[in-house]
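Chemist: Kindly generate the corresponding structure for this input.
(chains A, B, C and D)
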2 protein chains.
Amino acid sequence: MTATAERILDIMQELIQARGFSAISYQHIADALQVTKASIHYHFPTKSGLGTAVVRRYRQRLMEVMQAVAAEDGRSTLEILDLYSTPYLDFADTPDKVCLCGALAGEYMALPAEMQGEVAGFFAEHQDWLERLLERGRQRGDVAFDGPPAPMARLIFSALQGGLLVKRTNGDIGQVRDVVAALKTCLAPATQPA
Amino acid sequence: MTATAERILDIMQELIQARGFSAISYQHIADALQVTKASIHYHFPTKSGLGTAVVRRYRQRLMEVMQAVAAEDGRSTLEILDLYSTPYLDFADTPDKVCLCGALAGEYMALPAEMQGEVAGFFAEHQDWLERLLERGRQRGDVAFDGPPAPMARLIFSALQGGLLVKRTNGDIGQVRDVVAALKTCLAPATQPA
DNA sequence: GTCTATACAAAGATAGAC
DNA sequence: GTCTATCTTTGTATAGAC
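Modeler: Numbers count the residues shown, from 1 in each chain, chains lettered A, B, ... in the order given. As a prediction, the model looks like this:
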């Protein structure tokens, strides 16, 4: 992967996060990189291939974040949840970006099959990760909730994705912060009555 | 509004719910309606105007649902929440549709300004409605949660939107059902210890 | 690896006949 | 209201020079 190819991926990712995949053209990328369309095609012959490469890289990066977060010792489950939420809160700090896969999910049926697979895989592995986190947390006793962990993991993940999307329409960072805060109140173990 | 114009709105709405706005062309609509592109332009001269009309109608319809639901007497807050969730669960029963505004949110920065306003208004009024529902419910004592109602309203709405988007990528209706179920466990008032 | 030039299809939109 | 025909721009993609 050359440096230029990486920059193209960077630009494409930012564009998708802001405007989605269908609305992006090679011209947009060329303008941002200050080269011609043909140069972009040299590095990524097809738009479908470019889109797939962007999602793959994004997916891998966030997976590394999750593995690093899970490896941290001495953190409470709620602290780990905070660390997990950090990338989403960072997106919320921008005026125009959401999660790459959250953006792509809205136009899912218009995506090339290869991209659909990457997006679906991203969602699945995040929810699996959250499920394991909740399971461990409940065993340790620092989170509490009714029923099996899978529905709660789905709630957390769905809420983060949805919260980011809503936030961009109202410009209120509180949208995502509120969602995270409300989730925590749902998970906080009941303090033993004295 | 003529019957044909209504059918165009129907088709456009379905197409957006499945594929987003940017990926839809007048040709797609013309094919679905079995007429030529020019006929569509007769009813809706610009794509921006057509998109805006679709969102406006959708917004209005769901607002009517909310008003009808809120007017129902003798329902518990959790029952009302179920009624509110019905349209989302109906979308979840299709293989390819999400909430119209949920789909549009992913490509928000690529939308015409007028459509952005409608989407933002839709989100705002839904969250406001949920906030009032929660406030009343807590007063009546049939739901319980920590802190002010706004964050919980935001959590519920974000989770429903996000849940639908994730559901479409994994084809599992359980995704949305789980989210609703998990939300309910978060809201259920603690049963008085005997 | 980037450029110019070009091919070809699809897009949004309009004119004017029926 | 719908059609055919057309305009103009944009989109994805390739060929070949530098």
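Chemist: Just give me the longest helix of chain A.
Modeler: Longest helix in chain A, counting residues (DSSP state H): helix A:113-140.
Chemist: which other helices and strands contact that one?
Modeler: helix A:47-71, helix A:77-92, helix A:100-105, helix A:149-170, helix B:149-170 (3 or more C-beta pairs under 8 Å, 6 or more residues apart in numbering or on different chains; DSSP states H and E). For glycine as for every other residue, the C-beta is placed from the backbone atoms N, C-alpha and C.
Chemist: Can you list the buried residues in the longest one?
Modeler: Yep, that's helix A:47-71 we're talking about. Going by neighbour count (16 or more other C-beta atoms under 10 Å in any protein chain shown), the buried part of helix A:47-71 is A:47, A:50-59, A:62, A:66, A:69.
Chemist: Redo the residues you listed as TSV? Include pLDDT.
Modeler: Shown next, in TSV, are those (pLDDT from 0 to 100):
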residue	pLDDT
A:Lys47	98
A:Leu50	98
A:Gly51	98
A:Thr52	99
A:Ala53	98
A:Val54	99
A:Val55	99
A:Arg56	98
A:Arg57	98
A:Tyr58	98
A:Arg59	98
A:Leu62	98
A:Met66	96
A:Val69	93
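Chemist: ok, and which of those reach DNA strand C?
Modeler: Filtering the buried residues of helix A:47-71 for proximity to DNA strand C by C-beta under 7 Å from any atom of the strand leaves nothing.
Chemist: Make CSV out of the residues you listed and add distance to A:Ser39.
Modeler: Shown next, in CSV, are these (distance: C-beta to C-beta, whole Å):
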residue, distance to A:Ser39
A:Lys47, 15
A:Leu50, 13
A:Gly51, 18
A:Thr52, 20
A:Ala53, 16
A:Val54, 17
A:Val55, 22
A:Arg56, 22
A:Arg57, 20
A:Tyr58, 23
A:Arg59, 26
A:Leu62, 29
A:Met66, 35
A:Val69, 38
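Chemist: Most tightly packed of the helices and strands packed on helix A:113-140?
Modeler: Of all the helices and strands packed on helix A:113-140, helix A:100-105 has the most neighbours on average by mean count of other C-beta atoms under 10 Å in any protein chain shown, namely a mean of 28.
Chemist: Please see if that helix touches chain B.
Modeler: Yes - Helix A:100-105 is in contact with chain B by C-beta under 8 Å from any C-beta of the partner chain, via A:Gly102, A:Ala103, A:Leu104, A:Ala105.
Chemist: ok, now stretch A:47-65?
Modeler: No - using C-beta under 8 Å from any C-beta, stretch A:47-65 stays clear of chain B, with a minimum separation of 11.9 Å.
Chemist: Quick check: residues of chain A near DNA strand C?
Modeler: Counting by C-beta under 7 Å from any atom of the strand, chain A comes close to DNA strand C at A:Thr2, A:Thr4, A:Ala5, A:Val35, A:Thr36, A:Lys37, A:Ala38, A:Ser39, A:Tyr42, A:His43.
Chemist: From those, which land in helices?
Modeler: Residues of those located in helices (DSSP H): A:Thr4, A:Ala5, A:Lys37, A:Ala38, A:Ser39, A:Tyr42, A:His43.
Chemist: for the spatially most central residue of chain A, what are its contacts?
Modeler: Nearest to the geometric centre of chain A sits A:Cys99, at 4.3 Å (C-alpha atoms, centre = their mean). Residues in contact with A:Cys99, defined by C-beta atoms under 8 Å, 6 or more residues apart in numbering or on different chains, are A:Gln17, A:Pro87, A:Tyr88, A:Phe91, A:Leu160, A:Gln161, A:Leu164.
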